[in-house]
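# Here is a sequence together with a model predicted from it:
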Amino acid sequence: MRPPKIHFLVESTALEERGRAFTFRVQKDERIYPAFVIRSQGKVKAYLNICAHAGLTLDGRRGEFWYLECTYLGCVQHGAIFDPDNGKCERGPCAGLSLISLSVSEGEGQISLEDWKYTLVVD
């Protein structure tokens with residue numbers, strides 16, 4: 001199996017702890033999906049911006065993902081609440097389901113997408 005392609009996303013300093021997410025798009029099997037990366041407990045985490053309940057974007061295109069005093073990620077569509085560290089739905093209509101995570105890395109002041117299944121869409 002080939003190693004994943006590495007795609008630069010954003011400078012590390014652009015992501016504050018439980019601050020505003022950086023949004024981007026990825027592609028898999030000729031379909032394009034919205035995605036986002038956040039910093040939680042000092043680590044970067046990335047997910048597809050698709051609620052596990054109804055397939056709608058979590059943020060309603062507002063760029064805001066944090067809820068309940070920046071403790072959880074939330075879906076503005078139906079009120080689902082997700083653990084930012086593992087993407088699991090803790091409360092709401094998709095309890096027990098999870099967000100789809102993307103592989104990201106941080107090093108040398110940069111955050112990069114390093115996923116086997118998804119590639120970065122560059123506009």
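Alright, I've got the coordinates.

# Just the pLDDT for Ala95.
Listed pLDDT for Ala95 reads 86.

# Report the secondary structure state of the most centrally placed residue in the chain.
The centroid of the chain falls nearest to Tyr47 when counting by C-alpha atoms, centre = their mean (2.6 Å). Classification of Tyr47 using DSSP: H, G, I helix; E, B strand; the rest coil returns strand.

# do you know how far it is from Gly109?
23 Å (C-beta to C-beta, to the nearest Å). For glycine as for every other residue, the C-beta is placed from the backbone atoms N, C-alpha and C.

# which other helices and strands contact the helix or strand of the chain with the lowest mean pLDDT?
Within the chain, no helix or strand scores below strand 66-67, which has a mean of 90 by mean pLDDT, DSSP states H and E. Strand 66-67 sits against strand 72-74, with contacts defined as 3 or more C-beta pairs under 8 Å, 6 or more residues apart in numbering; DSSP states H and E.

# contacts for the strand it packs on?
38, 47, 58, 65-68, 80-84, 87, 90, 99 (C-beta atoms under 8 Å, 6 or more residues apart in numbering).

# same deal with stretch 23-36?
Residues from elsewhere that reach stretch 23-36 (C-beta under 8 Å, 6+ apart): 9, 21-22, 37, 46-50, 57-59, 63, 65, 102, 113, 115, 117-121, 123.

# If any of those residues are buried, put those into a PyMOL selection.
Filtering these down to the buried ones (16 or more other C-beta atoms under 10 Å) takes a single PyMOL command:
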select buried, resi 9+21+22+37+46+47+48+49+50+57+58+59+65+102+113+115+118+120
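
# Kind regards, and thank you for your time.
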